[in-house]
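S.K.: Take a look and give me a structure for this.
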Amino acid sequence: MKHLQRFRILGLGLFAVILLAACTAVNTNSTSNPNTNVANQNVNGTVSNTNTSAASYLYPGQEGKNALELLKAKYPNTTTKTSTAGEYVTGIDGKEAGATEYWQFLVNGTEAPVGAGAYKTKATDTIEWKLVSF
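M.R.: Numbering: from 1, shown residues only. Have a look, this model is predicted:
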């Protein structure tokens, strides 16, 4: 009987060690290395990113032009839809937003307070579009 109890305790201990090792391995693999997700930013074109589900496009502003017209000029394959809030981007350069994604519009790294059609750019602006999940 004592032998059976020792065997059960040893088995539970071994199970706990294996479970702890598995959790540590999962945690180690899920930790992001900040250097592996760094985007190669190019103001004149697409930002490449090691995260294949992410897409981002950058371009400089121009005095007196809105961000949407500049986007369409740079990427003629841009698709949009119109809603009561105005025109919004559904695809850029053939990359369409999925069912749980949308194109986020940023100016100088900050989400814009108005839509791209209403935002008059400045030559000092960097306009960015990121495909993000919700």
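S.K.: In the chain, where is pLDDT below threshold?
M.R.: Regions of the chain meeting the criterion pLDDT under 70 cover residues 1-54.
S.K.: the strands in it, which residues?
M.R.: Counting by DSSP state E, one finds strands in the chain at the ranges 46-47, 55-60, 79-83, 86-92, 95-96, 101-107, 110-111, 126-133.
S.K.: Compare the ones you listed and report which one is nearest to residue 67.
M.R.: strand 126-133 (4.9 Å; C-beta to C-beta). All C-beta atoms are positioned from the backbone trio N, CA, C, and that covers glycine.
S.K.: just checking, what packs against that closest one?
M.R.: In terms of contacts (3 or more C-beta pairs under 8 Å, 6 or more residues apart in numbering; DSSP states H and E), strand 126-133 is packed against strand 55-60, helix 67-74, strand 86-92, strand 101-107.
S.K.: Just send those back as CSV, with distance to residue 124 and mean neighbour count too.
M.R.: What follows is the helices and strands packed on strand 126-133, written out as CSV (distance: least, C-beta to C-beta, whole Å; neighbours: other C-beta atoms under 10 Å):
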stretch, distance to residue 124, mean neighbour count
strand 55-60, 8, 20
helix 67-74, 14, 19
strand 86-92, 23, 18
strand 101-107, 10, 18
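S.K.: Would you mind putting the strands of the chain into JSON lines with distance to residue 71 alongside?
M.R.: Converted to JSON lines, these look like this (distance: least, C-beta to C-beta, whole Å):
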{"stretch": "strand 46-47", "distance to residue 71": "12"}
{"stretch": "strand 55-60", "distance to residue 71": "7"}
{"stretch": "strand 79-83", "distance to residue 71": "9"}
{"stretch": "strand 86-92", "distance to residue 71": "7"}
{"stretch": "strand 95-96", "distance to residue 71": "13"}
{"stretch": "strand 101-107", "distance to residue 71": "9"}
{"stretch": "strand 110-111", "distance to residue 71": "16"}
{"stretch": "strand 126-133", "distance to residue 71": "7"}
